[in-house]
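A.B. asks: my questions are about this predicted structure, shown below with the sequence.
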Amino acid sequence: MGAGLAISASMASAQALVVSNWDGYMAPDAITAFNDATGNQAELVLHGTNEEIMGKLIASKGKGYDVVFVSSPFAEVLHNLGLAEDLDHAKIPNIANLYPQATQLSHDEGNAFSLPYAWGTTGLCYRSDLVAETPDSWMDLLEPSEDLRGKTTMLATDRWLLGAAMLAKGYSVNTVDEAELAEVRDQLIQTKGTLLAYDDTTFYAKLVSGEAELVQAWDGWCNYGIAENADIKYVIPEEGSDLWVDTMVILKNSQNKDAAYDFVNFVLEPANHGWAAENILYKVPNQPAMEALPDEFVTQFPNMGIQPDQLMGYEQLRDVGQAQRAYSRIVSEIKAAN
């Protein structure tokens, strides 16, 4: 399934601009459609991780890039470093398509410097035909039953790996308390011995093949497994989830501000934004785009039906400042442990 790319008649800029995004995170012809509509010569460059693009942006002070897609803690860092544009909402009329809740995100209330592109939860993805009981706690992953040992995976990225144990213990997913972080580290070192792998990219394929039976997963990635095997299910544990948000940021040092505004406004067209929901299987914070999804689509992928009010009930990942060094050190200690 795919959505057509709607073109905003108001786009008249003929400036060139550079957009940096993850591979496959928007329609393959989105840049071409935007260029055709505006006479632009926009270029898409890819980054593999938030950390990769952030290193480039910090080193260049944002020069050479116009619009970047980054997760919300990194958008917050760009703002704190003075690298993110203070958004003029009058130049983004399609901002009206966002759910009201998407204008109240804790990292940027009022969308002063970022625009949400996708949002969702992190939970447990599992083979319902192979797992004896429905998992309902993060501890089902952190201290798995004997029959699940060696058949579980956890996300390798710092914030989510630590987040599972933070949630299990009732701590904030943004905790900087040294005692809590030590407890989280010790738990995850213990858990390491039960894991099949740390895996950010192929865990759903491991579920499909049966190599894994229970994994930590972002909801959209679990949907990739569900698309191949209807016995794969997704559940948010009773202790809750983080709220992750991927955003679009215009760089303050952009030399193509008008074109940059036109681009983010283009993305927020319901048909364009809806492509992400239908094709990368992530919820988007665009109300008309989500309301246009077919009923059978949400039936097949139930987590696509999670409503904004429920999402807002989970704690959003935030920039933790200098504590990020402690997070990275702890994760290195966990992965190095025997």
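C.D. replies: Arrived safely.
A.B. asks: only C-alpha atoms for contact and neighbour calcs from this point on.
C.D. replies: OK.
A.B. asks: what sits against A112?
C.D. replies: Contact analysis of A112 by C-alpha atoms under 8 Å, 6 or more residues apart in numbering lists D86, L87.
A.B. asks: what is the neighbour count of L214?
C.D. replies: A total of 32 residues lie near L214 under the criterion other C-alpha atoms under 10 Å.
A.B. asks: swap in G48?
C.D. replies: Neighbour number of G48 under other C-alpha under 10 Å is 10.
A.B. asks: wait, doesn't it sit right on Y25?
C.D. replies: No. In this structure, G48 is not within contact of Y25 by C-alpha atoms under 8 Å, at 11.2 Å.
A.B. asks: could you pull out the helices for this protein?
C.D. replies: For the chain, the helices defined by DSSP state H occupy 30-38, 50-60, 72-80, 139-142, 158-168, 178-192, 203-209, 219-228, 257-267, 270-279, 287-291, 295-300, 308-311, 323-336.
A.B. asks: kindly reformat those helices as a markdown table containing mean pLDDT and mean neighbour count.
C.D. replies: Below are the helices of the chain laid out as a markdown table (pLDDT from 0 to 100; neighbours: other C-alpha atoms under 10 Å):
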| stretch | mean pLDDT | mean neighbour count |
| --- | --- | --- |
| helix 30-38 | 93 | 19 |
| helix 50-60 | 96 | 15 |
| helix 72-80 | 97 | 22 |
| helix 139-142 | 98 | 21 |
| helix 158-168 | 97 | 22 |
| helix 178-192 | 98 | 18 |
| helix 203-209 | 98 | 21 |
| helix 219-228 | 97 | 22 |
| helix 257-267 | 96 | 23 |
| helix 270-279 | 97 | 23 |
| helix 287-291 | 98 | 18 |
| helix 295-300 | 96 | 12 |
| helix 308-311 | 98 | 14 |
| helix 323-336 | 96 | 15 |
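A.B. asks: and those: which comes nearest S241?
C.D. replies: helix 158-168 (7.1 Å; C-alpha to C-alpha).
A.B. asks: off-centre distance for the closest one?
C.D. replies: 15 Å (C-alpha atoms, centre = their mean, to the nearest Å).
A.B. asks: how long is stretch 126-146 end to end?
C.D. replies: 16 Å (C-alpha to C-alpha, to the nearest Å).
A.B. asks: also stretch 251-258?
C.D. replies: 12 Å.
A.B. asks: starting at the chain centroid, how far to it?
C.D. replies: Taking C-alpha atoms, centre = their mean, the mean C-alpha location of stretch 251-258 is offset from the chain mean by 24 Å.
A.B. asks: could you do stretch 166-180 as well?
C.D. replies: Here stretch 166-180 is found 21 Å from its chain centre; the criterion is C-alpha atoms, centre = their mean.
A.B. asks: also stretch 183-190?
C.D. replies: On C-alpha atoms, centre = their mean, the centre of stretch 183-190 falls 25 Å from that of its chain.
A.B. asks: again with stretch 53-65
C.D. replies: 21 Å.
A.B. asks: re earlier: which one of the helices of the chain lies nearest to L87?
C.D. replies: Nearest to L87, of the helices of the chain and by C-alpha to C-alpha, is helix 257-267 at 8.7 Å.
A.B. asks: report the angle between the closest one and helix 30-38.
C.D. replies: Orientation of helix 257-267 against helix 30-38 (axes from the mean of the first three to the mean of the last three C-alpha atoms, to 10 degrees) gives an angle of 120 degrees.
A.B. asks: which secondary structure elements does helix 257-267 contact?
C.D. replies: Of the remaining helices and strands, those touching helix 257-267 by 3 or more C-alpha pairs under 8 Å, 6 or more residues apart in numbering; DSSP states H and E are strand 242-250.
A.B. asks: which residues are contacting the strand it packs on?
C.D. replies: Contacts for strand 242-250 (C-alpha under 8 Å, 6+ apart): 66-72, 75, 84-85, 87, 113-122, 163, 173, 257, 260-261, 264, 311-312, 314-317.
A.B. asks: what about L81, how many neighbours?
C.D. replies: Counted with other C-alpha under 10 Å, L81 comes out at 11.
A.B. asks: how far away is it from F74?
C.D. replies: Applying C-alpha to C-alpha to L81 and F74 gives a distance of 10 Å.
A.B. asks: burial of E146, as a residue count?
C.D. replies: 9.
A.B. asks: now do the one 5 residues further on
C.D. replies: K151 is surrounded by 21 other residues when neighbours are defined as other C-alpha under 10 Å.
A.B. asks: confidence score at the closest residue to it other than its chain neighbours?
C.D. replies: Leaving aside its sequence neighbours, K151 sits nearest to A212 (C-alpha to C-alpha, 6 or more residues apart in numbering; 4.4 Å). Confidence at A212, expressed as pLDDT, is 98.
A.B. asks: how far away is A212 from T122?
C.D. replies: 17 Å.
A.B. asks: one more: R318?
C.D. replies: 15 Å.
A.B. asks: so for the two, which residue has more residues nearby?
C.D. replies: Each of R318 and T122 has its neighbours counted (other C-alpha under 10 Å); T122 has more, 25 against 21.
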